[in-house]
Each structure stands twice: as structure tokens, then as C-alpha cells.
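Engineer: sequence and predicted structure are below.
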Amino acid sequence: MNRLCRVVAPLLFLSLAGFAPPTVSRLGIARLQYDGGGDWYANPSSLGNLLKAINERTTLRVEPTEGRVTLTDERLYDYAFLHVTGHGEVRFTDTEVSHLREWVLRGGFLHVDDNYGLDESFRREIARVFPERPLVDVPLSHPIYHVVYEFPRGVPKIHEHDGKPARGYGIFVGDRLAVYYTSESDLGNGWEDLGTYNDPPEMHEAALRMGVNLFVYAVTSRPVS
């Protein structure tokens with residue numbers, strides 16, 4: 001991550017002098033609208049709050065509102081970061097599987113956040129997208145846990161469901177973490193407006209910090225086209 005010049009404490013403004021933004025027309029985050037019955041629209045205030053944090057805490061100037069795309073939408077390639085969440089079923093058509101695979105291989109970063117109930121169907125569908133690349137535990141030494149904020153124990157557990165530990169899984173394309181799946185963490189709940197849930201404010205802050213790490217890693221690891 002030598003393109004990151006320095007992190008300025010305590011505000012942790014990210015200096016990206018000399019860093020060329022990815023060759024996409026929108027520097028922002030798109031939410032995936034998918035079929036299958038899951039509530040892709042869950043956590044409505046989450047991405048707006050995360051984008052605000054990125055603008056306030058780094059020198060990246062990102063769009064303040066989320067995009068919304070499908071996998072067959074030509075606007076998909078406008079974005080380098082695609083977010084997926086929900087509680088229920090996600091299902092891709094064969095065409096969508098092909099489009100998602102191509103988008104990721106061309107430099108896209110896919111973040112999937114299980115809002116509790118997405119796990120089984122997501123694992124099934126991502127295995128169709130990358131049958132040759134299994135989901136693996138992302139090692140705690142990976143830059144995604146250190147690029148701006150330090151998370152020596154990995155992805156934080158934000159919202160309790162059944163008491164299982166939070167896990168961060170990934171799919172790698174070469175050395176690049178291209179798909180990042182947060183399980184039993186519920187970052188999206190933590191990104192929502194304070195007071196939406198009974199989680200304490202420090203969990204909201206931890207979630208935002210992890211989200212900043214995700215976005216900074218996504219755009220600075222993107223291959224130069």
C-alpha cells in the first residue's frame with residue numbers, strides 16, 4: 001500500500017498525494033438490487049453515513065449518496081465498489097453470474113454484508129460466480145484491517161444475533177482481495193443512524209472505521225487499466 005503516503009492522527013485524514021483515482025466515472029458506492037426475495041434495500045441510512053465518513057476522514061471526494069444498480073445495468077462499470085446486504089434469499093441468473101464475474105475480474109470490489117439470513121444463498125451464488133475460487137478467511141495481517149484504522153482482531157462484531165464470532169471471508173484475484181464477505185458482524189447496522197438500534201455509539205464508530213478501511217482498500221488496490 002505504498003500509495004498511501006501517511007495517516008494523520010488523530011483525525012486519520014488519509015493522504016493520497018500522487019494517487020490516481022480508479023478509472024471509473026463515479027467515485028462512490030453502489031448498492032446491488034438483486035432478485036430472489038431478499039431485502040436488498042435493508043439499512044437505508046447506512047451507505048449515506050459511510051460515504052459521509054469517507055469524505056470527512058480521507059482526502060477522497062466521494063459521491064454523498066449511494067448508487068443503485070443491477071448486475072445487467074450498464075452503470076455497474078461506473079463504480080469500483082459494490083455493496084450487497086439483506087436478510088433473505090439472493091439469486092442470480094446465468095447472465096448476472098457472468099456479468100458479476102467479469103466486473104470483479106476487471107477490478108471491481110464486492111462487499112457482501114450478511115444482515116442475518118443471507119449466508120446460505122450468498123455462498124451458493126458466489127460459488128457459481130467463482131467455482132474455482134473458494135471463500136477463505138482473510139488473514140488478520142491483511143491491509144484491509146490496517147490500511148487506515150487498526151483492527152488487529154479482524155472485522156468487529158457490531159450487532160448480536162446468535163453470539164457467533166464475526167468473520168471476514170474473501171475471494172482473491174491474484175494478490176487482490178476482490179470479494180469481501182462479512183459474516184456475523186452486521187456492519188450495515190452499525191453504519192445506520194445512531195439510535196436505529198440499541199447498539200452503543202462505540203459500535204457505530206467501529207463500523208464506520210471498518211467501512212472506511214474497506215473503501216480505501218478497494219480503490220487503492222484496484223488494478224491500473
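Structural biologist: Arrived safely.

Engineer: low pLDDT regions in this structure?
Structural biologist: 1-25, 225 (pLDDT under 70).

Engineer: middle-most residue in it, spatially?
Structural biologist: The residue lying closest to the centre of the chain (C-alpha atoms, centre = their mean) is H111, at 3.3 Å.

Engineer: which residues touch it?
Structural biologist: The neighbourhood of H111, defined by C-beta atoms under 8 Å, 6 or more residues apart in numbering, consists of 81-84, 180-182, 214, 218. Backbone N, C-alpha and C define where each C-beta goes, glycine included.

Engineer: now V179
Structural biologist: Contacts of V179 (C-beta under 8 Å, 6+ apart): 104, 109-110, 112, 126, 130, 135, 170-171.

Engineer: quick one: which of these is nearest I54?
Structural biologist: Nearest to I54, judged by C-beta to C-beta, of these is F109 at 13.7 Å.

Engineer: secondary structure element for the nearest residue in space to that closest one that is not next to it in sequence?
Structural biologist: Distances taken as C-beta to C-beta, 6 or more residues apart in numbering place A218 nearest to F109, at 3.6 Å, with adjacent residues excluded. Assigned by DSSP states H and E, A218 falls within helix 201-220.

Engineer: neighbouring strands of the strand or helix carrying the residue nearest to the centre of the chain in the sheet, and parallel or not?
Structural biologist: According to DSSP H and E, H111 maps onto strand 109-114. According to DSSP bridges, strand 109-114 forms sheet pairs with strand 81-86 (parallel), strand 176-183 (parallel).

Engineer: let me know the angle separating that strand from helix 201-220.
Structural biologist: Orientation check (axes from the mean of the first three to the mean of the last three C-alpha atoms, to 10 degrees): strand 109-114 against helix 201-220 gives 150 degrees.

Engineer: after strand 109-114, which helix or strand is next?
Structural biologist: helix 119-129.

Engineer: start and end of stretch 116-136, how far apart?
Structural biologist: Chord length of stretch 116-136, first to last residue, is 19 Å (C-alpha to C-alpha, to the nearest Å).

Engineer: buried ones in it?
Structural biologist: Applying a neighbour-count criterion of 16 or more other C-beta atoms under 10 Å, one finds 116-118, 121-123, 125-126, 129-130, 133, 135 buried in stretch 116-136.

Engineer: re earlier: in the sheet, who's paired with the residue nearest to the centre of the chain?
Structural biologist: H83, Y180.

Engineer: strands of this protein, start to end?
Structural biologist: 6-8, 13-15, 30-32, 67-69, 81-86, 109-114, 136-137, 167-173, 176-183 (DSSP state E).

Engineer: tell me the contacts of the residue nearest to F215 when sequence neighbours are not counted?
Structural biologist: Spatially, and ignoring its direct neighbours in sequence, F215 is nearest to I54 (5.4 Å; C-beta to C-beta, 6+ apart). Counting by C-beta under 8 Å, 6+ apart, I54 touches 60, 62, 211-212, 215-216.

Engineer: distance of I54 from R209?
Structural biologist: 11 Å (C-beta to C-beta, to the nearest Å).

Engineer: P201 too?
Structural biologist: On the measure of C-beta to C-beta, P201 and R209 end up 13 Å apart.

Engineer: ok, back up a step: okay if I get the strands of the chain as TSV plus distance to N49?
Structural biologist: Output for those, formatted as TSV (distance: least, C-beta to C-beta, whole Å):
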stretch	distance to N49
strand 6-8	21
strand 13-15	18
strand 30-32	13
strand 67-69	16
strand 81-86	13
strand 109-114	14
strand 136-137	28
strand 167-173	21
strand 176-183	16
